[in-house]
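1. Only the shape, not the letters, is given here:
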């Protein structure tokens, strides 16, 4: 990664965590839907980032969220799972070494690929967050519905952000 990419990712980390902590923290719909836009940072990290660095960044991102949400490792665990799902999805769907694009964004990968990638990663992240938060199977249906509604809400916000700020491919 060059210094410009590092600066952009540091800036993106601060902005997304600021928006999550100070704007979206109290935005929920009848305690069913909670958007987690901060995971966009992990989703759009460059393809060629080493897996160890990806896990370290995901760990510290989740740890920061846990510090502000008082959730004792819930977001840290979910971000680690998100990093694992990201690695697996990208390794199955894209040859990282042969691909010229620097990061898996909407502008670089297209709407269909990015939407599927984001949906799978978001749902896995939300499953971990909400099941660790509830920590009982008696609320299985409620937790699953909360995961689905929050996942769709988060996906819509992430797609909106990506449509607003993504760089279009030069044809």
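-> Right, received. Where do you want to start? These figures come from a predicted structure and were not determined experimentally. Numbering: from 1, shown residues only.

2. residue ranges of the helices in this structure, please?
-> Under the criterion DSSP state H, the chain contains helices at 3-19, 40-43, 51-69, 74-93, 106-109, 111-134, 140-165.

3. List the backbone torsions phi and psi for residue 30.
-> phi 50, psi 40 (degrees, to the nearest 10).

4. For it, grab the count of nearby residues.
-> 6 (other CB atoms under 10 Å). Placement of C-beta: from N, CA and C, glycine included.

5. any idea how far it lies from residue 104?
-> 33 Å (CB to CB, to the nearest Å).

6. cool, and residue 86?
-> 8 Å.

7. coming back round to it: now, of the helices of the chain, which is deepest in the fold?
-> helix 40-43 (a mean of 22; mean count of other CB atoms under 10 Å).

8. Can you list the helices and strands that that helix packs against?
-> helix 3-19, helix 51-69, helix 74-93, helix 111-134, helix 140-165 (3 or more CB pairs under 8 Å, 6 or more residues apart in numbering; DSSP states H and E).

9. Relative to residue 43, which of those helices is closest?
-> Closest to residue 43 of those is helix 111-134 (CB to CB; 5.9 Å).
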